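Visitor: Using only what follows, build the 3D model:
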Amino acid sequence: MKRFLRLFLTSILLVNIVACGNESMETGDFSGNLNVDSQQLKTEENNTISIEKKEEETMIDIKIIVGEQTYLAKLYDNETTQKLIEKLPMTLDMSEMNGNEKYYYFSDNFPTNAQVPDAIHAGDLMLYGSNCLVLFYKNFSTSYSYTPLGYMKDPMGLEEMLGAGNVQIIFEVNELG
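Guide: Residues are numbered from 1 along each chain as shown. Modelled structure (predicted):
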């Protein structure tokens, strides 16, 4: 029992010695560097928040209406969405595909900047090819390329609203933004 107690007390003593040694290093010049790094991290975090706010400010607000339900959406401000906005307001008869999306083919082409997304999220609005508007209502992964157009802010209940089969969807500029 005495051996165990000595070993235990010796361990505590060693931990305290090591901890005090590290503490004295942190209170020296090294501590100042930690403060600078901490300040830099805060600045980088603030810059990230500012960039996100700026991106949100430059986005265009639209409404997507399905039946009696209105969803608010944000469109990226780019050449593709500018051409889409020129068509608003519009009512489209969108067709069902793959149990996860509704689509509509326009007769004219849009400028594109296609890329393979990391993931598709319910409420994502994209362009497939140069003339196919796609509204996704389920999350999934894909290897197809799309031009991102925007996203619904809160797609809650979208899958139920769109249901199976074709559906009429209204797109219009949200004047209240």
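Visitor: which residues of this protein score low on pLDDT?
Guide: Counting by pLDDT under 70, the ranges of the chain that qualify are 1-57, 176-177.
Visitor: how about the helices in it?
Guide: Along the chain, counting by DSSP state H, helices occupy 2-26, 29-57, 79-86, 158-162.
Visitor: From one end of stretch 115-122 to the other, what's the distance?
Guide: Using C-alpha to C-alpha, to the nearest Å, one end of stretch 115-122 lies 18 Å from the other.
Visitor: residues contacting the closest residue to residue 70 other than its chain neighbours?
Guide: Once flanking residues are discounted, residue 70 sits nearest to residue 63: 5.4 Å by C-beta to C-beta, 6 or more residues apart in numbering. Bear in mind the C-beta positions are built from the backbone N, C-alpha and C, glycine included. Applying C-beta atoms under 8 Å, 6 or more residues apart in numbering, we find residue 63 in contact with 70, 71, 72, 73, 170, 171, 172, 173, 174.
Visitor: Check residue 114 too.
Guide: If a contact means C-beta under 8 Å, 6+ apart, then residue 114 has 127, 145, 146, 147 as its contacts.
Visitor: Now for these: which two are most distant?
Guide: The largest separation in these, counting by C-beta to C-beta, is between 127 and 145 at 10.0 Å.
Visitor: Show me which of the contacts of residue 114 is closest to residue 97.
Guide: residue 146 (13.1 Å).
Visitor: beta partners for the closest residue to that closest one other than its chain neighbours?
Guide: The spatially closest residue to residue 146, leaving aside those adjacent along the chain, is residue 126, at 3.8 Å (C-beta to C-beta, 6+ apart). Applying DSSP bridges to residue 126 yields these beta-bridge partners: residue 134, residue 148.
Visitor: list the contacts for residue 126?
Guide: 117, 120, 133, 134, 136, 146, 147, 148, 149.
Visitor: My understanding was that residue 135 contacts residue 66; is that so?
Guide: No - between residue 135 and residue 66 there is no contact under C-beta atoms under 8 Å: 9.2 Å.
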